[in-house]
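Asks: Compute the structure for the input listed below.
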Amino acid sequence: MPLGTGPIARVAIDAAGTPTPYTYLPNLPTLPGRVEFTTNGLVPPNTQSLVVLAFGGSKGLLLLGSDRARAFTESDLASAVLLAEPLENALTKIGGAQ
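Replies: Residues are numbered from 1 along each chain as shown. You can find the predicted model right below:
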């Protein structure tokens, strides 16, 4: 399945521009939808928690993973949101998110 077409990616894309513009999966191995990211090598097989954040509308996804379940704090999630904007700007400048 191409990146961005699975149900978890769609939820993250739909959340863009909302007060919580990400999807946080604190215990990835217990979720059936994990195959969206694990079977195609987008995240390492030992990924225990995952943040999926869309940027550029539906042009890109920022995936932040950890080898610990429930690894991300509210502060980490806020930092991920802050990181997405300059990343989107940089990719747009080099043509990666057009």
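
Asks: Note down every partner strand of the helix or strand encompassing residue 54 and its orientation.
Replies: Following DSSP states H and E, the helix or strand that holds residue 54 is strand 49-55. Within its sheet, strand 49-55 is paired with strand 23-25 (antiparallel), strand 60-66 (antiparallel), according to DSSP bridges.

Asks: just checking, what's the longest helix in this structure?
Replies: Across the chain, the longest stretch assigned as helix under DSSP state H is helix 74-94.

Asks: Which of the residues in that one are classified as buried?
Replies: 77, 80, 81, 84, 87, 88, 91 (16 or more other Cβ atoms under 10 Å). For glycine as for every other residue, the C-beta is placed from the backbone atoms N, C-alpha and C.

Asks: about what we covered before: the strands paired with strand 49-55 into TSV, with extra columns for mean pLDDT?
Replies: Shown next, in TSV, are the strands paired with strand 49-55 (pLDDT from 0 to 100):
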stretch	mean pLDDT
strand 23-25	95
strand 60-66	91
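
Asks: distance between stretch 23-43 and the chain's centre?
Replies: Taking Cα atoms, centre = their mean, to the nearest Å, one finds stretch 23-43 lying 10 Å from the centre of the chain it belongs to.

Asks: End to end on that stretch, go ahead and measure it.
Replies: In stretch 23-43, first residue to last residue: 15 Å (Cα to Cα, to the nearest Å).

Asks: Need the contact partners of that stretch.
Replies: For stretch 23-43, the external contacting residues (Cβ atoms under 8 Å, 6 or more residues apart in numbering) are 1, 3, 6-9, 11-12, 15, 45, 47-53, 63, 65, 69-72, 77.

Asks: Could you rerun that using 7 Å?
Replies: 1, 3, 6-9, 11-12, 15, 45, 47-52, 63, 65, 69-70, 72, 77 (Cβ atoms under 7 Å, 6 or more residues apart in numbering).

Asks: Can you select the buried ones from these in ChimeraX?
Replies: The command below creates a ChimeraX selection of those among the contacts of stretch 23-43 that count as buried (16+ other Cβ under 10 Å):
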select :6,8,9,12,15,47,48,49,50,51,52,63,65,72,77
